[in-house]
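Student: model the following, please.
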Amino acid sequence: MKIVIIGGVAGGATAAARIRRLDEKAEITVFERSGYISYANCGLPYYVGDVITDKNELTLQSPGGFKRRFNVDVKIHHEVTAINKERKTVSVKNLESGETFEESYDKLILATGAKPFVPDIPGAYSEKIFSIRTVEDTFEIKKYLQKKLTKSAVVVGGGFVGVEMAENLSALGIKVTLVESAKQLLSPFDSDMAAFIHAEVRRHGINLLLGKTVSAFAEKDGMLEVAIEGEKTLRTDMAVMAVGVKPETDLAEKAGLSLGIRKSIAVNERMETSEKDIYAVGDAVQIKNSVTGEDALIFLAGPANKQARIAADNICGIESRYKGAQGSSVVKVFDITAASTGINESAAKKAGIDFEKVILSPMSHAGYYPGGKVMTIKVLFEKETFRLLGAQIVGYDGVDKRIDVFATAIKAGLDARELKDIDLSYAPPYSSAKDPVNMAGFMIDNVSNGTLKQWFVEDAQNLPRDKSVTLLDTRTEGEYKRGHIEDFINIPVDSLRSRLDEIEKGKPVYVICQSGLRSYIASRILEGNGFEAYNFAGGFRFYDAVMNDKALSESQFPCGMDK
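Tutor: Numbers count the residues shown, from 1 in each chain. This is a model prediction of the structure:
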């Protein structure tokens, strides 16, 4: 059997290695347009920032190494220009010699990936403007930084790559402006959770421009001018375009394969395309979101690797099916970690799912053990069924551990209330006897039985100020004086029982504290004494972060970056 694979990296290289492990006699050829067969895409920004200093560390496997270990014929700098499905051949061009030829196949795997989206902006093809998708892209940026005295940079796009590039350029002492057309960074997160990410980015000196669109580039006096709609033009040394990627499917489209959303390649659960004996994997394919069941594009290495294995299995006679992905991801943002899995509020609303949520601020490990830090967790679940929908976490240590537990729980189909029952490891340096995941489960269980009634940050501005409700802050007097929501009275939780006569009966009480714990205790005291009480989800620290971010975003303006 002769297998041809178009493209390397996560999809193509994984498929080739898996086929070889299953079939020692198969003839396997990989055509890769770039000079690298298998490299660490996710590590590229960190090479720019000198976190990874040896460029050889970016290359996971060389063509020679692949040949020696897996007996796979890897042809780099070879571009497949056409798929001739009737003849079962591909047309190939050697980019070094210019030679063209045809290669036959019994089975074909498309692992063509995605390509950077370059908006139709005047001046976008300046030599001072870069994208970062391949190893070659990274080396071009590094070469420019080493050759030029770079003091300033504009990064366009606030997704994972844009945020990582902003961080790594900043680490080199470069003044960075990060421009994002949406009103928040990192779209997998809800805007309230993104507030913590924005604060961290700003804290490290990044000039953050949200809800702004770059309209033009122009070179002038050795500088790059970046025009932003409705704002002051920025002058900078360079720009990095990181506004997203799109499936690279020209070959598939020209060959007449069925396409899906955004011209992605439509495949079934066996990773088969509409054409017999042609498979497709990775960023180029349309898959199912395993939470909503809707068609989706998920540009992540984990799904690409799994899809490649499944395609290889089916080619080699092992029945294997891909059940979709829920988009689990994690990113380092300077000193914090942000992670998500499943869907967020906007995705749930778009899918027409009636949901509820809990927000909590637990410590990363036992409070009495030194070094613990607060993390913020948000969990979404379906209102009637309590099906887990998604989770988002922003914090420091232990974020990745907890998001993986939530991801596993979603995949396993656990009822959100069952989070309280998961038996998780505990030692003071690593966790608490009641792990943050368990705590989320306790809260959801309390919601289900009516023990916990909540109000949220989006409700704050609509709370009546006409004395028809009681607004109660249960923090200490000192905390209250350092900042509080207007019209909230202060009765510390430890004094509440003795001061209940200060709260008028028959009126709902909206309660807040710093993290949500003391106000929950207060709400139980109130409920036990005949009041109707609602606890604020996330606490004042959460409210304060969201409000501060909103104020800064609304008052933002570009600062000039002239030398």
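Student: any idea what residue 107 is bridged to?
Tutor: Residue 107 forms beta bridges with residue 3, as assigned by DSSP bridges.
Student: what about it, neighbour count?
Tutor: Using other Cβ atoms under 10 Å, residue 107 has 22 other residues around it. Every C-beta, even on glycine, is put in place using the N, C-alpha and C of the backbone.
Student: which helix or which strand is home to residue 410?
Tutor: Using DSSP states H and E, residue 410 maps to helix 399-412.
Student: elements contacting the next helix or strand after that helix?
Tutor: Counting by DSSP H and E, the element after helix 399-412 in chain order, helix or strand, is helix 436-448. Counting contacts by 3 or more Cβ pairs under 8 Å, 6 or more residues apart in numbering; DSSP states H and E, helix 436-448 is packed against strand 355-360, strand 376-382, helix 399-412.
Student: can you redo these as TSV with mean neighbour count, mean pLDDT and distance to residue 369?
Tutor: As requested, the helices and strands packed on helix 436-448 are exported to TSV (neighbours: other Cβ atoms under 10 Å; pLDDT from 0 to 100; distance: least, Cβ to Cβ, whole Å):
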stretch	mean neighbour count	mean pLDDT	distance to residue 369
strand 355-360	22	98	19
strand 376-382	24	98	20
helix 399-412	19	98	16
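Student: nearest to residue 143, of the ones you listed?
Tutor: helix 399-412 (33.2 Å; Cβ to Cβ).
Student: helices and strands around the closest one, which ones?
Tutor: Short answer (3+ Cβ pairs under 8 Å, 6+ apart): helix 399-412 packs on strand 329-333, strand 336-342, strand 388-395, helix 436-448.
Student: highest mean neighbour count out of the ones you listed?
Tutor: Highest mean neighbour count among these (mean count of other Cβ atoms under 10 Å): strand 388-395, with a mean of 27.
Student: which one, of the helices and strands packed on helix 399-412, ends up nearest to residue 291?
Tutor: Distance to residue 291, taken as Cβ to Cβ, is lowest for strand 336-342 among the helices and strands packed on helix 399-412, at 5.1 Å.
Student: per-residue confidence averaged over that closest one?
Tutor: Strand 336-342 shows an average pLDDT of 98 in the prediction.
Student: okay, the helices and strands packed on helix 399-412 in CSV with distance to residue 304 next?
Tutor: Formatted as CSV, the helices and strands packed on helix 399-412 follow (distance: least, Cβ to Cβ, whole Å):
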stretch, distance to residue 304
strand 329-333, 13
strand 336-342, 17
strand 388-395, 21
helix 436-448, 28
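Student: do you know which of these lies nearest residue 265?
Tutor: Once the helices and strands packed on helix 399-412 are compared by Cβ to Cβ, strand 329-333 is nearest, at 22.2 Å.
Student: just checking: what are the partner strands of that closest one?
Tutor: When DSSP bridges is applied, strand 329-333 pairs with strand 336-342 (antiparallel).
Student: hey, where'd the strands end up in the stretch 101-250 of the chain?
Tutor: Using DSSP state E, counting those that start in this stretch, the strands found in the stretch 101-250 of the chain span residues 107-110, 114-116, 129-131, 152-156, 175-180, 207-210, 214-220, 223-228, 234-236, 238-241, 245-247.
Student: dump the ones you listed into a markdown table; add distance to residue 506 and mean pLDDT as well.
Tutor: Output for these, formatted as a markdown table (distance: least, Cβ to Cβ, whole Å; pLDDT from 0 to 100):
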| stretch | distance to residue 506 | mean pLDDT |
| --- | --- | --- |
| strand 107-110 | 67 | 98 |
| strand 114-116 | 59 | 93 |
| strand 129-131 | 62 | 96 |
| strand 152-156 | 55 | 98 |
| strand 175-180 | 47 | 98 |
| strand 207-210 | 44 | 96 |
| strand 214-220 | 56 | 96 |
| strand 223-228 | 54 | 97 |
| strand 234-236 | 57 | 97 |
| strand 238-241 | 59 | 98 |
| strand 245-247 | 57 | 95 |
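Student: in JSON lines: those, plus distance to residue 63.
Tutor: Shown next, in JSON lines, are these (distance: least, Cβ to Cβ, whole Å):
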{"stretch": "strand 107-110", "distance to residue 63": "17"}
{"stretch": "strand 114-116", "distance to residue 63": "22"}
{"stretch": "strand 129-131", "distance to residue 63": "24"}
{"stretch": "strand 152-156", "distance to residue 63": "33"}
{"stretch": "strand 175-180", "distance to residue 63": "36"}
{"stretch": "strand 207-210", "distance to residue 63": "42"}
{"stretch": "strand 214-220", "distance to residue 63": "37"}
{"stretch": "strand 223-228", "distance to residue 63": "37"}
{"stretch": "strand 234-236", "distance to residue 63": "38"}
{"stretch": "strand 238-241", "distance to residue 63": "29"}
{"stretch": "strand 245-247", "distance to residue 63": "25"}
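Student: nearest to residue 190, out of the ones you listed?
Tutor: Nearest to residue 190, of the strands of the stretch 101-250 of the chain and by Cβ to Cβ, is strand 207-210 at 14.6 Å.
Student: got the buried residues for stretch 132-146?
Tutor: The neighbour-count check on stretch 132-146 (16 or more other Cβ atoms under 10 Å) flags 132-135, 137-139, 141-142, 145 as buried.
Student: what of stretch 142-161?
Tutor: By 16+ other Cβ under 10 Å, the buried positions in stretch 142-161 come out as 142, 145, 150, 152-161.
Student: just give the closest residue to residue 110, not the sequence neighbours.
Tutor: residue 280 (4.1 Å; Cβ to Cβ, 6 or more residues apart in numbering).
Student: between the buried residues of stretch 132-146, which is closest to residue 536?
Tutor: residue 132 (41.1 Å).
Student: how close does the closest one get to residue 212?
Tutor: 21 Å (Cβ to Cβ, to the nearest Å).
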